[in-house]
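>>> next come a sequence and a model predicted from it.
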Amino acid sequence: MFTKITIQTDERGLLFHKGSYVRMLLPGTYRFAPWSQHSVTALKVTKPFAVEGKELALFLHDETLTRQLDVVRVADHEVVLHYEDGQFEQLLKPGVYAFWNVLKRHAFVRADIRDPELPAEVDRALLTKLTTHVQSYEIESFEAGFLFYNHVLQRQLAPGKYYFWRGPTAILVKTVDLRQQQMDLLGQEMMTEDKVTLRLNFVCQYKIVRPDRALELKAFDEQIHIQLQLALREYVGSLKLDDLLRRKQEAASFALSRLREKSEEFGVSFLGAGVKDIILPGDMKEILNTVLLAEKKAQANLITRREETASTRSLLNTAKLMDENETLFRLKELEFLEKICEKIGSVSLTGGGDLLERLQMLIGEKKPAGRGRA
């Protein structure tokens, strides 16, 4: 009795004799004698060509078979994007692959991962399916980026998003912030020319204009910080405390001029600076407060003496005018009368004597002439 084997339309058969491949069988029915030691493996043409336990190379000498296969060899430094009928199917790693071409149309896009950046022909819409094979870096609009392969600088990157294959090349992207930045110098102890130790709070604004220099300098921010410290120490150390307190706003101009001398070296534009606080030791504060209080008291005493002198001088001038002018003397009498009338409803005067003398007696001045009754 013969063994009957049927190969379906969507199948191809592989005929083996004693385990060795003989040829490909097209769709149809085949009969084999039991003693012939033939066997047939049926493969679906909708799936990749693969025979369990057999290497692909064992079949590639059959030209009839290979005409119905798309064979792809992927080198160690490559990856291949596999498309079926225009749709992405999978990413092929290094190896040899075969796909039936009788029902489906296959296309392949190769990428050399020794050049890690994704080529333009790779559709960015596929990246969600390639997350395990691709890494990305993003450069913000206010940043400058620098691309390194195996720690070697390749080029500067403009703002945008960049994709790279994960492979033998180590990828690194460093960014530099190009926005205006501020550096605070807080609680820096410094000594004036007259050996007074104080603490200074200072602020400086700057902007990086050559980002490559920021990468070339180790501890970039720290170096600017040190330059600012040195400039302030130079300024504070050249002045006595009183001069420093009087000219503290000039410290900003001095420090800024010193920093701008280093602008080219650092690749930085220094925009502004200013003194926030000068903090004195506790005992020095007490001394200055005592001096200030004494100065204010002296000023107050001086003003008081000036007013008393002016008042005395005014009285003296008035007395001289009254001696020289009888009319003015009479007006003074009326002035006394006005003062009395402001406080007393009615006034009766009896006795002799001058009117002025009697009025003076009414307001309390002791004069021997006249007698008054109110």
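Sure, I can see it. All figures in this text were calculated on a predicted structure; none of them were measured in a lab.
>>> pull the number of nearby residues for the closest residue to residue 265 other than its chain neighbours.
Among residues not flanking residue 265 along the chain, residue 213 sits closest, at 7.7 Å (CB to CB, 6 or more residues apart in numbering). Glycine gets a C-beta too; all of them are placed from N, C-alpha and C. Look at residue 213: counted by other CB atoms under 10 Å, it has 16 neighbours.
>>> next: residue 202.
22.
>>> could you pull up the contacting residues of it?
Neighbour list for residue 202: 184, 185, 188, 228, 232, 251, 252, 255, 273, 274, 275, 276 [criterion: CB atoms under 8 Å, 6 or more residues apart in numbering].
>>> same question for the helix or strand where the residue nearest to residue 265 lies: list its buried residues.
Secondary structure assignment for residue 213, by DSSP states H and E: helix 211-216. For helix 211-216, a neighbour-count test (16 or more other CB atoms under 10 Å) marks 211, 213, 214, 215 as buried.
>>> about what we covered before: quick one, which of the contacts of residue 202 has the minimum pLDDT?
Within the set of the contacts of residue 202, pLDDT is lowest for residue 188 (82).
>>> that residue: neighbour count?
As a burial measure, residue 188 scores 17 neighbours (other CB under 10 Å).
>>> beta-bridge partners for it, please?
The bridge-partner assignment for residue 188, based on DSSP bridges, gives residue 200.
>>> might one say that it is in contact with residue 200?
Yes - counting by CB atoms under 8 Å, residue 200 is a contact partner of residue 188 at 5.0 Å.
>>> quick check: neighbours shared by those two?
By CB under 8 Å, 6+ apart, residue 188 and residue 200 have these common neighbours: residue 232.
>>> report all helices and strands that the helix holding residue 213 contacts.
If contacts are counted by 3 or more CB pairs under 8 Å, 6 or more residues apart in numbering; DSSP states H and E, helix 211-216 sits against strand 143-149, strand 171-177, helix 263-266.
>>> got the CA positions of stretch 94-108 in PDB?
In PDB, the C-alpha atoms belonging to stretch 94-108 read as follows (Å, rounded to 0.1, in the frame of the first residue of the first chain):
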ATOM      1  CA  PRO A  94      22.300  39.300  12.100                       C
ATOM      2  CA  GLY A  95      21.700  35.900  10.400                       C
ATOM      3  CA  VAL A  96      20.200  34.400   7.200                       C
ATOM      4  CA  TYR A  97      16.500  34.500   6.600                       C
ATOM      5  CA  ALA A  98      14.200  33.100   3.800                       C
ATOM      6  CA  PHE A  99      10.600  34.100   3.000                       C
ATOM      7  CA  TRP A 100       8.200  32.600   0.500                       C
ATOM      8  CA  ASN A 101       7.400  35.100  -2.300                       C
ATOM      9  CA  VAL A 102       4.600  33.300  -4.000                       C
ATOM     10  CA  LEU A 103       1.700  35.000  -2.100                       C
ATOM     11  CA  LYS A 104       3.300  38.000  -0.500                       C
ATOM     12  CA  ARG A 105       5.600  40.700  -1.700                       C
ATOM     13  CA  HIS A 106       8.600  41.300   0.600                       C
ATOM     14  CA  ALA A 107      10.800  44.400   0.900                       C
ATOM     15  CA  PHE A 108      13.900  45.000   3.000                       C
END
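>>> can you give the contact residues for that stretch?
Residues outside stretch 94-108 that contact it (CB under 8 Å, 6+ apart): 10, 12, 43, 45-50, 56-57, 60, 68-76, 78, 80-86, 92.
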